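Q: I would like the atomic coordinates for the input below:
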Amino acid sequence: MSDVLALVEARLRTALGEPDARAAITFLGTDRIEVLRFLDGDVVRYATLGMSAQPMADPAAVVTDPLRGPRAELVLSVRAGRADTDKVLRPLAVLAASPQVEGLVVAPGASLDTGEPLWPGAPFTSVLVAESGGLVEDLELDAPMDPVRFLPLLPMTPNEAAWKRVQGAAALEERWLRHGTDLRDPLRPGVPLG
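A: Reported below is the predicted structural model:
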């Protein structure tokens with residue numbers, strides 16, 4: 001599957017430029033996950049590399065298909081210089097390993113929780129998975145493999161995450177939009193939910 005990861009890295013470089021840093025993390029019983037950092041003006045982007053090596057499988061499935069099934073990588077964009085966001089590397093790798101470790105199928109609209117701040121002083125402990133296809137185009141693979149989707153992550157405060165569980169992802173995104181929330185601000189306050 002290293003050929004898949006080579007194609008994924010090439011797509012990331014085409015969309016985001018050359019990474020200025022990378023870190024690799026391996027968890028017991030999982031494949032290696034790398035996190036690449038790209039600087040784009042005043043925005044820093046972190047992209048996982050390794051999550052798409054294997055298709056995500058339904059944990060209830062008796063037999064998993066080694067070729068078919070959704071594949072994804074995660075992309076987080078934040079404003080540079082406002083917080084020590086480089087500490088997000090480990091939490092991001094944990095989220096990228098969750099399909100292998102916990103059998104999760106990560107898809108748009110899902111919430112992923114790290115159980116700790118995404119970086120020191122961050123008001124966020126979870127993220128909302130957004131729709132792919134914007135910043136980095138989906139990567140088509142040879143049949144019968146599913147395409148790799150590059151899923152943007154939107155940091156959520158604990159109150160936003162709780163509100164999203166009740167109201168749904170679309171309602172939270174609409175509220176962010178209505179209030180002009182800068183989702184790239186690493187220190188932003190929670191959106192009013194009343």
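Q: residues in contact with the residue most central in space within the chain?
A: Taking Cα atoms, centre = their mean, the centroid of the chain lies closest to residue 74, which sits 2.8 Å from it. Residues counted as contacts of residue 74 (Cβ atoms under 8 Å, 6 or more residues apart in numbering) are 47-48, 51, 92, 95-96, 106, 129, 150-151, 153. The C-beta positions use only the backbone N, C-alpha and C, and glycine is treated the same way.
Q: Pairing partners for the strand or helix carrying it, with directions?
A: If you go by DSSP states H and E, residue 74 is part of strand 71-79. Each strand paired with strand 71-79, and its direction, by DSSP bridges: strand 43-49 (antiparallel), strand 148-156 (parallel).
Q: For the ones you listed, please prepare TSV with the additional fields distance to residue 26.
A: Converted to TSV, these look like this (distance: least, Cβ to Cβ, whole Å):
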stretch	distance to residue 26
strand 43-49	13
strand 148-156	21
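Q: Which pLDDT value belongs to the nearest residue to residue 36 once chain neighbours are set aside?
A: Leaving out its chain neighbours, the residue that sits closest to residue 36 by Cβ to Cβ, 6 or more residues apart in numbering is residue 19, at 4.0 Å. Per-residue pLDDT puts residue 19 at 97.
Q: Tell me how many other residues crowd residue 29.
A: 8 (other Cβ atoms under 10 Å).
Q: Surely it touches residue 101?
A: Yes: contact criterion Cβ atoms under 8 Å: residue 29 and residue 101 qualify, at 7.4 Å.
Q: show me the contacts for residue 24.
A: 32-34.
Q: Give me the subset of those residues that lies in helices.
A: Taking DSSP state H, every one of the contacts of residue 24 sits outside helices.
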